[in-house]
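Chemist: predicted model, plus sequence, below.
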Amino acid sequence: MARLVLRQLVLLAALALGSCGGGGGVDGESGTTGGSGTVGGGGTSIGSDIGSGGTGVASGVGSGGTGISGGDVGSGGTGATADSGVGSIDGFGSIIVNGVRYDIATARTVLSDVSALKLGMTVRVTGAIAADLPQGTATLVVSAAELRGSVASLLPGAGTFTILGVRVSTDTTTVYAGGLGSVTDLANGMQVQVHGLPGSDGLLRATRIERLMAAQGPVLTGQLQGLDRGARTFRVGTQSVSYAAADFPGDWPVANLSNGVVVRVRAPAVASTLAASSVEPWNPPPLREGARLSLGGLASDFLGSSSLRIDGVPADITGARISGGSAALANGARVEASGTVRGGVLVVSTLKVREAAPPDPQAFSATGSVGAYRSPADFKVQGQEIDASNATFVNGTAADLAGASRKVQVTGSRVRDDVLVADRVEFLP
């Protein structure tokens, strides 16, 4: 019921944002073009691809409209110091991010890739948060897409697909738009734009997926790996990126690149190696001593209550009030955490586990020749019974299973009554 009410508030939210002085669009369609520049209190700056230095917004907004510093608290705040929140929009009537309701009536809003804020979009909010963290007053709200490109390797049963080599997972809270109702409405080759929460190993948990009517410049977000400063290349997921001609934010130079940093990359066209036009850090929160911080993202590097990361930020949850099931807390779990920065670590006071880590779509596998074939829903590989009736086929089709001793690799996330339910069947040489 709560989600239904939130969806019914979308139109009201669009009207409210339109009254904030800058006049964002009415439907949040991707790729909206428009100027970008310094926007006064309550204004909205819209740009399809805001480049390095393109926003002109104070407090250090760089390439793509991120890189916000925390020192921009306007009048009418709660009396708290300048604080930040990073997460996805869960409600309107102001905006609700990680359970914190932010008043955005006088906030500057900087949008890339969209024309208005919508449910499920990832945002970074800078402003003042009350001491007990239920509400805040925003001075700056920034939103940009994490991924844009063609759907590939779709596994509807597992709720996963890839874009530009980044594996995207969905959950019960993922918002769908642009004519999409669920992950089953996706198809390989479909052009989509995704807002989400980046994790480790080339994974992104989608908070919003919107279908596009035409291909647009690719956007890639994820953990940087394989940095080669000599060749000026790195990798995100399985996608190679060249940053030789890329713009970097003025307050985040190229020297800041390092393995493990989460970056957002923009490029003019899809290629085996993306020629980046801009590279920026993904929503980096300011870790100022004593700052209050609200994070909504994925847990990673989890070794115990005093050693984990949330959105890449070191966190200590030893004294936190935990809801949603502490047993579900593991790498890849989607969480909301609020607390205070101490010594470069977020000392968490409240933690909510929103979604457990998704199952690995390739948790089970069988490789070998097809045997005992009766139908795509009934055959064996290495003696393991297989049901591939709803699988994605690579290098062949379901009909090819009947061929003489075809060799395949079968992967799936479920075993039902001792039958491996295949998500993917790849025909091998």
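Modeler: Ah, there it is.

Chemist: V270 and R148, how far apart?
Modeler: V270 sits 10 Å away from R148, going by CB to CB, to the nearest Å. In this view, the C-beta of every residue, glycine as well, is placed from N, C-alpha and C.

Chemist: list the contacts of the residue nearest to R321 when sequence neighbours are not counted.
Modeler: In space, and not counting its chain neighbours, R321 is closest to T350: 5.1 Å by CB to CB, 6 or more residues apart in numbering. Each residue near T350 by CB atoms under 8 Å, 6 or more residues apart in numbering is listed here: 133, 320-321, 323, 337-339.

Chemist: in strands, which of those appear?
Modeler: When the contacts of T350 are checked against strands (DSSP state E), the matches are 321, 323, 337-339.

Chemist: which of those residues sit farthest apart?
Modeler: S323 and G339 (14.4 Å; CB to CB).

Chemist: which one's more surrounded, those two?
Modeler: G339 (24 against 12; other CB atoms under 10 Å).

Chemist: go ahead and confirm that one touches G319.
Modeler: No: judged on CB atoms under 8 Å, G339 makes no contact with G319 at a distance of 9.1 Å.

Chemist: quick one: common contacting residues for the two?
Modeler: By CB under 8 Å, 6+ apart, the residues touching both G339 and G319 are 347-349.

Chemist: out of those residues, which one sits closest to Q216?
Modeler: V348 (37.7 Å).

Chemist: need the per-residue pLDDT for the residue nearest to R321.
Modeler: T350 is assigned a predicted lDDT (pLDDT) of 90.

Chemist: just for this structure, where's the confidence low?
Modeler: 1-82, 93, 131-133, 201, 326-327, 359-363 (pLDDT under 70).

Chemist: most centrally placed residue in it?
Modeler: G196 (1.7 Å; CA atoms, centre = their mean).

Chemist: okay, and it sits in which element?
Modeler: Using DSSP states H and E, G196 maps to strand 191-198.

Chemist: A357 too?
Modeler: Under DSSP H and E, no helix or strand contains A357.

Chemist: tell me the domain boundaries of this protein?
Modeler: Residue ranges for the domains of the chain, per automatic domain parsing: 2-143, 145-282, 292-355, 364-427.

Chemist: pretty sure V110 is touching T126, no?
Modeler: No: with contact defined as CB under 8 Å, V110 does not reach T126; the gap is 10.6 Å.

Chemist: quick check: neighbours shared by those two?
Modeler: 140-141.

Chemist: one step back: name the nearest of the ones in strands among the contacts of T350 relative to D247.
Modeler: A337 (32.1 Å).

Chemist: so in terms of bridging, what pairs with that closest one?
Modeler: On the basis of DSSP bridges, A337 is bridged to L295, L351.

Chemist: shouldn't it be in contact with V347?
Modeler: No: the criterion here is CB under 8 Å, and A337 misses it with V347 at 10.0 Å.

Chemist: which residue ranges of the stretch 201-350 of the chain form strands?
Modeler: According to DSSP state E, counting those that start in this stretch, the stretch 201-350 of the chain carries its strands in the segments 203-211, 219-228, 233-236, 239-242, 262-266, 273-275, 278-281, 292-304, 307-310, 313-316, 321-323, 334-342, 345-355.

Chemist: helices of the chain, start to end?
Modeler: 2-8, 10-18 (DSSP state H).

Chemist: what's the neighbour count on I317?
Modeler: I317 sits with 26 neighbouring residues when counted by other CB under 10 Å.
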